[in-house]
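1. predicted structure and sequence below. I'll ask about it afterward.
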Amino acid sequence: MTNKSDTKAGLYKETLIAGLWRENPVFRLVLGMCPTLAVTAAVKPALTMGLSVVFVLVCSNIVVSLMRNLLKPHLRILMFTLTIATFVTIADLFLKAFLPRMSETLGPYVPLIIVNCIIICRAEACASKNTLGISIIDAIGMGAGFTLVLCVLASVRELLSTGKVFEVQLMPDAFVPWAAMSMPVGAFLTLGLMLGLVNMVTKRKI
Amino acid sequence: MLKIKYFIQQSWLLIVSSFFFGLLIAATNYALSERIEWNKTEKSNNLTGALLPKTKPELAIELEIDSLGGKKEKVKIYKAVTKAGECIGWSFNAIGPGFQDKIELVVAVDKNFEKIAGFNVLASNETPRVGDRIKDDYYRDQFKSAPVDVLKLVKTGKPEKIDSEIVAITGATVSSEAVVKIINNSLLQIKKQMLEKGLISNDK
């Protein structure tokens, strides 16, 4: 009994950590690049996007896991998209109602979560084959990993483009803001350097 | 009959889910739509308040005008009333195509529809730091006290000179032109209808 519990706990832990590092959706799977590049000019929108993805990921994984035995193989992608679209619409409505300014800042990128590969990937690779518990843990791990990367990327860009992080001044007055970092070129540059750094660290570990 | 049975066997989950998810979205929308509308009105009122300070917008009339897309659209005209009950201007929302997406403006004019009090951007998705500069004072200030006439966009000129010529933003001619077109289209049609309905007069 103890062994079984230990194995289950170990499996949950491993699933959770996988999303944060070993199978991180941005750094390791290179999925969800659209929001990663588009909404990371500042930390606040990046965090909101990350949390919206966590909400959609958890809800869609729950629904897909519960209906996994009823899914017809040729209709499964249609069912995943329908499920994801529902929760994205709900998240979008909540943002419009409670965070209207953030909803405007994020613009079309919230509805675009529907086509975010991370969510459909987790529905296909995990939720449609695993129990409810594993599916929820996987969604939390993957969502947290995605949110974390978005926030790190946004922190670097916001710091270099404005001298602030989370609207708190961190750079000295003499700092000259690097405007390019808030533009698409800054997103590509930062992401490229970070991917290179992660690959370097991973290679050294092996 | 067999075909129908096969269809139901294959797609019952999809049909049931669609119904359930549709219901979920409808319920959420019903619960939040009032708040979303309130947010929009609040933003519009704040932007109007910035153009016509110390006034409260009161719905005066709803007019129908030809949109830039060629369709008929309804426009709500608000009267800007001071605490003493005096009307000092009018405001309305104007929509038209921008460079990337629709641009929605709040336009304010004086009480006789002779001078523009200014405009604010209610919603737009113009390119950041390029077309997005239509929100900047440099561009918006050119409209303040400009005559209610056909505004003309020019590429060079003196932006500080207040007349019917609006100097375009360098590198954002399309967005600058879009704003001028949106204001031109709505302003003159609304003024004509307001004169016809006797809400304003030509007397100075």
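-> Alright, I've got the coordinates.

2. what's the single longest helix in the chain?
-> Since no chain was named, I'll use chain A. For chain A, the helix that runs over the most residues, judged by DSSP state H, is helix A:132-162.

3. right idea, wrong chain: chain B
-> Chain B, longest helix under DSSP H: helix B:2-51.

4. could you list every helix and strand that that one packs against?
-> helix A:76-98, helix A:100-106, strand B:56-66, strand B:87-97, strand B:102-110, strand B:116-123 (3 or more Cβ pairs under 8 Å, 6 or more residues apart in numbering or on different chains; DSSP states H and E). C-betas here are computed from N, CA, C, even on glycine.

5. residues in contact with the helix or strand following the longest helix of chain A: which ones?
-> Downstream of helix A:132-162, the next assigned helix or strand under DSSP states H and E is strand A:164-165. Residues from elsewhere that reach strand A:164-165 (Cβ atoms under 8 Å, 6 or more residues apart in numbering or on different chains): A:43, A:155, A:158, A:159, A:170, A:171.

6. still on that earlier bit, now do the longest helix of chain B: distance to the chain's middle.
-> 25 Å (Cα atoms, centre = their mean, to the nearest Å).

7. for the most centrally placed residue in chain A, which residues are in contact?
-> Centroid check for chain A by Cα atoms, centre = their mean gives residue A:146 as the closest residue, at 2.9 Å. Residues in contact with residue A:146, defined by Cβ under 8 Å, 6+ apart, are A:19, A:24, A:25, A:26, A:32, A:50, A:53, A:54, A:118.

8. near chain A, which residues of chain B are found?
-> With Cβ under 8 Å from any Cβ of the partner chain as the criterion, chain B meets chain A at residues B:10-11, B:13-14, B:17-18, B:21, B:24-25, B:28-29, B:32, B:35-36, B:39-40, B:43, B:123, B:125, B:128-129.

9. which of the residues you listed are buried? Put it as a ChimeraX command.
-> Buried subset of these, written as a ChimeraX selection, criterion 16 or more other Cβ atoms under 10 Å in any protein chain shown:
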select /B:17,21,28,32,36,39,40,43,123,125
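
10. surely residue A:163 meets residue A:178?
-> No: the pair residue A:163 and residue A:178 fails to qualify as a contact (Cβ atoms under 8 Å) at a distance of 9.3 Å.

11. between these two, who's got more neighbours?
-> residue A:163 (18 against 15; other Cβ atoms under 10 Å in any protein chain shown).

12. what's the closest non-adjacent residue to the more buried one?
-> residue A:171 (3.4 Å; Cβ to Cβ, 6 or more residues apart in numbering or on different chains).

13. that neighbour and residue A:182, how far apart?
-> Separation of residue A:171 from residue A:182 (Cβ to Cβ, to the nearest Å): 14 Å.

14. again with residue B:185
-> Using Cβ to Cβ, residue B:185 is found at 33 Å from residue A:182.

15. which one, of the helices and strands packed on helix B:2-51, ends up nearest to residue A:128?
-> Minimum separation from residue A:128 across those (Cβ to Cβ) falls at helix A:76-98, 6.5 Å.

16. ok, back up a step: in TSV, list the contacts of residue A:146 along with neighbour count, pLDDT and distance to residue A:203.
-> Below are these laid out as TSV (neighbours: other Cβ atoms under 10 Å in any protein chain shown; pLDDT from 0 to 100; distance: Cβ to Cβ, whole Å):
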residue	neighbour count	pLDDT	distance to residue A:203
A:19	27	89	21
A:24	21	92	16
A:25	26	93	20
A:26	23	93	18
A:32	23	90	23
A:50	23	96	27
A:53	27	97	28
A:54	19	97	30
A:118	25	93	24
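
17. about what we covered before: quick one: the longest helix of chain A to chain centroid distance?
-> Using Cα atoms, centre = their mean, the offset of helix A:132-162 from its chain centre is 5 Å.

18. same check, this time on stretch A:91-105
-> Remark: stretch A:91-105 is offset 18 Å from the chain centroid, using Cα atoms, centre = their mean.

19. for it, which positions count as buried?
-> A:91-97, A:99-100, A:102-105.

20. no further queries at this time; thank you.
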